[in-house]
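Engineer: Provided below are the primary sequence and the corresponding predicted coordinates.
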Amino acid sequence: MKTMKIQKVLATEILDSRGTPTVGATVILSDGSVGTANAPSGASTGKFEAHEKRDNDRKRYLGRGVKKAVEGIEETVAPVLENMQRVTVQNIDRMLIELDNTKNKEKLGANATLAVSLAAAKALAAHYKQPFFRYLGGTNAQKLPVPMMNILNGGAHAANNVDIQEFMIVPVGAKSFSEAVRTGSEIYHTLGGILKQRGLAVSVGDEGGFAPNLASDEEAIEVILEAVSSAGYTTDEVKITLDAAASEWTANDGYLLPKRGTKYTSAQLIAYWEKLCEKYPICSIEDPLGEEDWPAWTTVTEKLGKKIMLVGDDLFVTNSTRIREGIGRKAANALLVKPNQIGTLTETLAAVELAKENGMKIVMSHRSGETEDTSIADIAVAVNAGFIKSGAPCRSDRTAKYNRLLRIAKENEMDEMYGTGK
Ligand SMILES: O=C(O)[C@@H](CO)OP(=O)(O)O
Ligand SMILES: [Mg+2]
């Protein structure tokens, strides 16, 4: 048998959905199989995420260029991978980690390593003539994740007066993934209609959700519930999910919500979440507390963990060491998975495995700065993630992932969703 080699590793500085440069990579194998992937980029990034390499050259892209990350791929990564003997996902990722040889991908940048890691894995999937999700997940990949669609944006993702970063709808009652997408789209458009009728802004935030100024954050939930019911759905069929992104609110002595200036201690913030969960059909809250507030995370999990998902994003940063710490402390009961927080596919899959082994739910996630790359859709199916969040059911950077899942469903006759437990 002829041994397969990596023939070429290419990298390009491309643009993301915010018009900011990001890294695109292409890997070509000796049999002509090609894989391409792009790194996404966050706005409300966690303090403990792997390093995103930027040029800081004010003359190019106002300091946000990724020329050095691209050069790192061309000069450091490509020569090694192009001479690699046994071409497997694990070996490629091990090599990327070794070449970087820092704790947080400070040398090459997680934007560089992730783009190469995913492009190489996709090239291998093409070589084995398998869809990406099937190559990663094998025969066990049989169900679709339930979408959490972000239809109202606040926090760091919008220029409005809303402090909670994401208000999402979760069509848990939908009988199939395609029905869930239809439900999300209908509610999204109904919400737009209601906002317009009230003379509120229908401009959108970074993730495609509407970004109006409102009297309070609670009003956002109220208006979404109104849209759910006017679109013809009940709150048994459609639940609400929030991403507070509360690390953004961390102040010296507790929490300060920057837009409205509200102050909370950890205990008061937990009480606020308890009140919202009493009042509204909320099934999940992501980052209800800051990334370093471990004791409060334990308390909120104790208080609300039986009722809803408490999802660790900035808390865990897809990092197995931090997930292990959370397991020990009984902090959070679900993991948000963002491959660029850790920088390789292998490390992402290891984080998912660890969380699952310990009974945590999995939410696969995009970043607020996205591209047309659909890798997270395939990874979600491969790992049987219960949920995926990819923003609003509008704008191609967001719908690319939902559309990829619709195609996976159709092409494989597997429209059933995993997260609802059906
Ligand atoms: O906080 C989050 O969960 C993400 C994605 O929705 O936002 P960002 O990519 O800006 O960190
Ligand atoms: Mg988050």
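Structural biologist: That came through, no problem. Ligands and ions are numbered 1, 2, ... in the order given.
Engineer: quick one: strands adjacent to the worst-scoring helix or strand of the chain on mean pLDDT?
Structural biologist: The weakest-scoring helix or strand in the chain, judged by mean pLDDT, DSSP states H and E, is strand 250-251 (a mean of 94). Within its sheet, strand 250-251 is paired with strand 254-256 (antiparallel), according to DSSP bridges.
Engineer: tell me the helix or strand right after the strand it pairs with.
Structural biologist: strand 263-264 (DSSP states H and E).
Engineer: quick one: the strands in this protein?
Structural biologist: 6-15, 21-29, 34-38, 146-153, 166-170, 239-243, 250-251, 254-256, 263-264, 282-286, 309-312, 334-337, 361-365, 387-389 (DSSP state E).
Engineer: run the angle between the fourth one and strand 282-286 for me.
Structural biologist: Angle of strand 146-153 versus strand 282-286, following axes from the mean of the first three to the mean of the last three C-alpha atoms, to 10 degrees, is 80 degrees.
Engineer: ok now strand 146-153, how far from the chain's centre?
Structural biologist: Computed by C-alpha atoms, centre = their mean, to the nearest Å, the chain-centroid distance of strand 146-153 equals 11 Å.
Engineer: do that strand and ligand 2 meet?
Structural biologist: No - remark: strand 146-153 sits outside contact range of ligand 2, by C-beta under 5 Å from the ion, the gap being at least 10.1 Å. Backbone N, C-alpha and C define where each C-beta goes, glycine included.
Engineer: do that strand and ligand 1 meet at all?
Structural biologist: No - contact of strand 146-153 with ligand 1 (C-beta under 6 Å from any ligand atom) is absent, the minimum separation being 6.7 Å.
Engineer: what packs against that strand?
Structural biologist: strand 166-170, helix 177-197, helix 217-230, strand 387-389 (3 or more C-beta pairs under 8 Å, 6 or more residues apart in numbering; DSSP states H and E).
Engineer: want to throw the ones you listed into JSON lines with mean neighbour count and distance to ligand 1?
Structural biologist: As requested, those are exported to JSON lines (neighbours: other C-beta atoms under 10 Å; distance: least, C-beta to the nearest ligand atom, whole Å):
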{"stretch": "strand 166-170", "mean neighbour count": "27", "distance to ligand 1": "6"}
{"stretch": "helix 177-197", "mean neighbour count": "20", "distance to ligand 1": "15"}
{"stretch": "helix 217-230", "mean neighbour count": "19", "distance to ligand 1": "16"}
{"stretch": "strand 387-389", "mean neighbour count": "28", "distance to ligand 1": "6"}
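Engineer: what distance separates the least confident helix or strand of the chain from the centre of its chain?
Structural biologist: Using C-alpha atoms, centre = their mean, the offset of strand 250-251 from its chain centre is 23 Å.
Engineer: circling back to that earlier point, just send the helices and strands packed on strand 146-153 back as JSON lines, with mean pLDDT and distance to residue 307 too.
Structural biologist: Written out in JSON lines, the entries for the helices and strands packed on strand 146-153 read as follows (pLDDT from 0 to 100; distance: least, C-beta to C-beta, whole Å):
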{"stretch": "strand 166-170", "mean pLDDT": "98", "distance to residue 307": "15"}
{"stretch": "helix 177-197", "mean pLDDT": "98", "distance to residue 307": "22"}
{"stretch": "helix 217-230", "mean pLDDT": "98", "distance to residue 307": "16"}
{"stretch": "strand 387-389", "mean pLDDT": "98", "distance to residue 307": "17"}
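Engineer: which one of the ones you listed lies nearest to ligand 2?
Structural biologist: Nearest of the helices and strands packed on strand 146-153 to ligand 2, taken as C-beta to the ion: strand 166-170 at 7.0 Å.
Engineer: what pairs with that closest one, and is each one parallel or antiparallel?
Structural biologist: Strand 166-170 is paired, per DSSP bridges, with strand 146-153 (antiparallel), strand 239-243 (antiparallel).
Engineer: how big is the angle separating the first one from helix 177-197?
Structural biologist: This means strand 146-153. Using the same axes, to 10 degrees: strand 146-153 against helix 177-197 is 10 degrees.
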